[in-house]
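1. Model the structure of this input:
(3 chains)
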Amino acid sequence: MSYQLSELATRFDLELKGQAEAQIQAVASLQDAGAGDISFCVSRRHLSVLEKTRATAVILHPDLSGSFQGNMLLSENPHAAFAKIAQLLHSQRRNPPGIHETAIIHAEATVHDTASIAEYATIGKSAIISAGCDIGAGCYIGEGVVIDEDTVLKNNVTLHHATVVGRECKLHSGCVIGSDGFGHAHEGENWLPVPQLGRAVIGNRVRIGANSTIDRGALGDTFIGNGVKIDNHVHIGHNVTVGENTAMAAFVGIAGSTKIGKRCTFAGKVGVADNLVICDDAHFTGQSAVRTDIKEPGVYSSGVLLEESRNWLKNAMRFKQLNTLFKQVKDLSRNDSNK
Amino acid sequence: MSYQLSELATRFDLELKGQAEAQIQAVASLQDAGAGDISFCVSRRHLSVLEKTRATAVILHPDLSGSFQGNMLLSENPHAAFAKIAQLLHSQRRNPPGIHETAIIHAEATVHDTASIAEYATIGKSAIISAGCDIGAGCYIGEGVVIDEDTVLKNNVTLHHATVVGRECKLHSGCVIGSDGFGHAHEGENWLPVPQLGRAVIGNRVRIGANSTIDRGALGDTFIGNGVKIDNHVHIGHNVTVGENTAMAAFVGIAGSTKIGKRCTFAGKVGVADNLVICDDAHFTGQSAVRTDIKEPGVYSSGVLLEESRNWLKNAMRFKQLNTLFKQVKDLSRNDSNK
Amino acid sequence: MSYQLSELATRFDLELKGQAEAQIQAVASLQDAGAGDISFCVSRRHLSVLEKTRATAVILHPDLSGSFQGNMLLSENPHAAFAKIAQLLHSQRRNPPGIHETAIIHAEATVHDTASIAEYATIGKSAIISAGCDIGAGCYIGEGVVIDEDTVLKNNVTLHHATVVGRECKLHSGCVIGSDGFGHAHEGENWLPVPQLGRAVIGNRVRIGANSTIDRGALGDTFIGNGVKIDNHVHIGHNVTVGENTAMAAFVGIAGSTKIGKRCTFAGKVGVADNLVICDDAHFTGQSAVRTDIKEPGVYSSGVLLEESRNWLKNAMRFKQLNTLFKQVKDLSRNDSNK
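-> Residues are numbered from 1 along each chain as shown, chains lettered A, B, ... in the order given. As a prediction, the model looks like this:
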């Protein structure tokens, strides 16, 4: 597929400078781009690369337009414009509509004519697969699962019984939705499993990464809001709520019954304890440990900075004496002010 | 299924107050409960919710019996009583006995008549699937695997050759048991793989969460004791031993050859180094890093408390100078006491 | 299979002391070894176990040869010699060549005669499976994937379209290679997915652990060098480069576009932020958080040492006042030197 630069400008409401009729076939990075490619540049830090690019056109912020001689599309948000143009030029790989002969569809399941069910998928009783859905090879869709329109499941995805998934979601390979929550009652030395009777309910436009897990609720549901983006190896415990447009990077773990607000971001490996409330617009840097409610929007961190192990060990040993040191300094200060 | 409140009281040896003939069909939370539901309350903190509940009956600690007017069952351990009643009322979803026509059973494998083998499962040579087992769709059971009675494997579970699983276990979707341990010998710049010749041996009543991994032993076995409960995304390295009734939350990682005692608890994301010995009844709070043997029962922690990133960074920079600070304060103290 | 001790000595160029004709059938640990077994000992710490071993022969460093009376093979690197002998004695379990009748091979895919394709595997259009490859049950190999000779995929492995895997690799169960990177552009409150158009390219002799994930590049490729060894639950983000013979333990996460050097080691749970450059021969202890470029070879750490929770909490509270304490001590020092 090829587009004139002017078509792209019109379609995405961008200002064009240069040859309106230039033909664009693909996106590429500034370094790798060649004839027919469109690239983007968001920062003055890349001006030296921008100068040398062989891209047919570049998407730029208006502030950078003076720094480039070639064809350009101007946008206040070049990254978003690039994402949209890339989506247009590189249509997502989809399996063709229809049910593969090896897929097993329960007699009481409903699969829309325009949906695609790939090799060795299993669709359980009363499940509903809506128009435009694309269910990959080896997926397991349990009893009573409902998947709304245009949602894609890659390979070996498991949706346990009664899970609800909204429209235009993308669930990556190996993720497991609606698994039992980790709920036990202590009796003497034994752990009694508490039946997990709720559901996992996923909103629209949700992205769930490879091998991530979202547990069903114990009583009541686990809920993932519209537009939430989840990376690989993320764990969402039972009865958690995640607000709209929140994003979580790899290895984020949210323990049971915690409520996360809207538009939050969690960098890699952040852990959040159970039964907390995190307000909207809270942001957490990598590996933070969240042990208390967060009531104010802002950026939060925990952890220790990396250093050479020998030095680190000396300092880390001292951490254990920190409270003692504070008392010592308090005494010194008292003595000092008495002199 | 419906039970009279008096039947539940008798069956689980609980004191009943109120209408013995009240009919109970389901469990529910205090908030969501309605007619026919039984709920529970463990803490005075929820008294305001307890007052308003529409549950037909509530399980309470005797100390709270004066705070409620409705039907009640009294228990010293209301959470455990609730777990048992929930198990009774909400029988676990099981696949029907029998072998699905698409399952592949090796001619030399043994599958009990009362076991269930679902779609696209593969059962290897000499494997033994005992009475009442329920093997989910897409599971792979390798050569010589033995699974004892009434154990459930959800979907896409992999048990590599020679793995042993006890009775009444529940292995959640995507977990991998008996994968090779991470063992290599260094030779020049290269890592030579050391063949992993042992097994993974899982006791009775063990729960393993979705996408968790338990590696086989290198020489000798990896061993998970009876009653151990493991959450999602947990990793158990080769030749680890986990003692009875120990519980591990999501993302816990235990490195090779470490021995974990009985009744330990590991909160989310705890990491334990290799070749350690952890005593019975040791408890670790979230994200702790365990680098040494633990010889005394107790509660252990590491890490740094969350704060606003700007403040955190100032303090974290100072951590690198901590040892220097201690020396400085020591000097000041010496001078102070000399004055 | 049985070998004379002298055959092993000759084959692996090791000095033999003792009975040249002793028959060796298997490897075992010093504790468990019996007649026909060969074991190894690398450290004086195990001399007491060495004395009591019933192994037919032991591989030892020449420095330890005086401490043992039995048959021995001497090596400067006993662990590597043991690895090689174990590989010889315990040939890896391989599926027989041929395509299982339930495997689905696209008409335009190429599978070498000596390759093995197991139950319910799916091989996509234009994929190439080379000589000696062993593709396990339930694997999904996408369109255009190329796998070089003698590479093994265990069960339920997913290789997304266009992934390249070198020769003699071993990919463990449940790993996902070539999944979409986590790339989004912010537009207002929404996250727009940026199409992930690159590939995942894996070198030769790479080991990837169970349930690990390696994302494809956004533009350009994600690249894993020859000889890299990756444990379970590892995440490699889009456009990351990992240099030759680097090793990563469980739960290591490398965020997007970071470049890792050769011969690095990452202990369990290390996290590395995005867009960093890590030099060759950098080593990181468990749970380290790497937030900056590493320019010098060495050993690096971060984190806090474990202690009893009560003490830890007192010290951890003080961490938040650390910067204030430094100022206070500075004042005290100034006053002190003025006296």
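2. And the helices in chain A, which stretches?
-> A:5-12, A:47-52, A:78-89, A:309-319, A:322-338 (DSSP state H).
3. average pLDDT for the longest one?
-> Just to be clear, that refers to helix A:322-338. Confidence over helix A:322-338 (mean pLDDT, whole number) is 89.
4. Check what contacts that helix and list those residues.
-> A:318, B:322, B:325-326, B:329, B:332-333, B:336, C:311, C:314-315, C:317-319, C:321-322, C:325, C:328-329, C:332, C:335-336 (CB atoms under 8 Å, 6 or more residues apart in numbering or on different chains). C-betas here are computed from N, CA, C, even on glycine.
5. how about 6 Å then?
-> Helix A:322-338 has contacts (CB atoms under 6 Å, 6 or more residues apart in numbering or on different chains) with B:Val329, B:Leu332, B:Asp336, C:Lys314, C:Asn315, C:Arg318, C:Gln328, C:Leu332, C:Asn335.
6. Skipping its backbone neighbours, what lies nearest the fifth one in space?
-> So the one you mean is C:Asn315. What sits nearest to C:Asn315 in space, not counting adjacent residues and going by CB to CB, 6 or more residues apart in numbering or on different chains, is A:Leu322, at 4.2 Å.
7. so how many other residues sit close to the one you found?
-> By other CB atoms under 10 Å in any protein chain shown, 22 other residues sit near A:Leu322.
8. go on, A:Pro96?
-> Around A:Pro96 there are 8 residues (other CB under 10 Å).
9. And it, what's its pLDDT?
-> 88.
10. hey, what's the closest residue in space to it that isn't next to it in sequence bridged with?
-> Closest residue to A:Pro96 apart from its sequence neighbours, by CB to CB, 6+ apart: A:Ser116 at 6.1 Å. Counting by DSSP bridges, A:Ser116 forms beta bridges with A:Gly98, A:Asp134.
11. and A:Ser116, what is it in contact with?
-> Counted by CB under 6 Å, 6+ apart, A:Ser116 has contacts A:Asn95, A:Pro97, A:Asp134.
12. wait, which of the residues you listed is closest to chain C?
-> Chain C has its nearest neighbour among the contacts of A:Ser116 in A:Asn95, at 10.3 Å by CB to the nearest CB.
13. gap between that closest one and B:Asn156?
-> As judged by CB to CB, to the nearest Å, A:Asn95 and B:Asn156 stand 19 Å apart.
14. These two: who's more crowded?
-> B:Asn156 (31 against 16).
15. quick one: that one and chain A, what's the gap?
-> Distance of B:Asn156 to chain A, computed by CB to the nearest CB, to the nearest Å: 6 Å.
16. I'd guessed that residue sits against B:Gly174; true?
-> Yes - between B:Asn156 and B:Gly174 a contact is recorded at 5.4 Å, counting by CB atoms under 6 Å.
17. quick check, stretch A:172-183 touching chain B?
-> Yes - using CB under 6 Å from any CB of the partner chain, we find that stretch A:172-183 touches chain B at A:Val176, A:Ser179, A:Phe182.
18. got the CA positions of that stretch in CSV?
-> This file holds the C-alpha atoms of stretch A:172-183, laid out as CSV (Å, rounded to 0.1, in the frame of the first residue of the first chain):
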residue,chain,number,x,y,z
HIS,A,172,-0.6,-11.7,24.0
SER,A,173,0.6,-15.3,23.9
GLY,A,174,0.6,-17.4,27.1
CYS,A,175,-1.5,-15.0,29.2
VAL,A,176,-4.0,-16.5,31.7
ILE,A,177,-7.1,-14.6,32.6
GLY,A,178,-9.6,-15.7,35.2
SER,A,179,-7.3,-18.1,37.1
ASP,A,180,-8.1,-18.7,40.7
GLY,A,181,-7.1,-16.0,43.1
PHE,A,182,-4.6,-16.9,45.9
GLY,A,183,-7.1,-17.2,48.7
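19. who in the stretch 201-339 of chain A is up against chain C?
-> Residues of the stretch 201-339 of chain A found near chain C (CB under 6 Å from any CB) are A:210-211, A:227, A:229, A:231-233, A:245, A:250-251, A:263, A:268-269, A:286-287, A:303-304, A:306, A:308-309, A:312, A:316, A:319-320, A:322-323, A:326, A:329, A:332, A:336.
20. ok, A:Gln31 - how many residues close by?
-> With other CB under 10 Å as criterion, A:Gln31 counts 14.
21. can you tell me how far it sits from A:Ile59?
-> 16 Å.
22. do the same with A:Gly136
-> 32 Å.
23. do the same with A:Val228
-> Taken as CB to CB, the span from A:Val228 to A:Ile59 is 27 Å.
24. So for A:Gln92, what pLDDT did the model give?
-> 73.
25. Can you tell me the closest non-neighbouring residue to it?
-> A:Gln92 sits nearest to C:Pro195 (CB to CB, 6+ apart), 7.0 Å away.
26. which ones are touching the closest residue to A:Tyr3 other than its chain neighbours?
-> In space, and not counting its chain neighbours, A:Tyr3 is closest to A:Ile24: 5.2 Å by CB to CB, 6+ apart. Counting by CB under 6 Å, 6+ apart, A:Ile24 touches A:Tyr3, A:Leu5, A:Ile38.
27. A:Ala20: neighbour count?
-> The burial count for A:Ala20: 13, using other CB under 10 Å.
28. And A:Gln328, by the same measure?
-> A:Gln328, neighbours per other CB under 10 Å, totals 18.
29. Name the nearest residue to A:Glu76, ignoring sequence neighbours.
-> A:His61 (6.7 Å).
30. how near is the one you found to A:Phe40?
-> A:His61 is 9 Å from A:Phe40, by CB to CB.
31. which of those two has more neighbours?
-> When A:His61 and A:Phe40 are compared for neighbours, A:Phe40 comes out ahead with 29 against 18, by other CB under 10 Å.
32. hey, what's the more buried one bridged with?
-> A:Ile59.
33. Can you give me every residue that contacts it?
-> A:Ile59, A:Pro78, A:Phe82.
34. could you redo the last one with a cut-off of 10 Å?
-> Contacts for A:Phe40 (CB atoms under 10 Å, 6 or more residues apart in numbering or on different chains) come out as A:27-30, A:33, A:46, A:50, A:55, A:57-61, A:72-73, A:75, A:78-83, A:85-86, C:185.
35. so A:Ile85 touches A:Ala28, yeah?
-> No - applying CB atoms under 10 Å, one finds A:Ile85 not in contact with A:Ala28, separated by 11.6 Å.
36. Common neighbours of those two, please.
-> A:Ile38, A:Phe40.
37. more crowded one of the two?
-> A:Ile85 (25 against 22).
38. measure the more buried one to chain C for me?
-> A:Ile85 is 10 Å from chain C, by CB to the nearest CB.
39. Repeat that for A:Ile224.
-> Taking CB to the nearest CB, one finds A:Ile224 at 14 Å from chain C.
40. Then A:Lys17?
-> 22 Å.
41. Find the nearest non-adjacent residue to A:Ala289, please.
-> B:Gln287 (4.7 Å).
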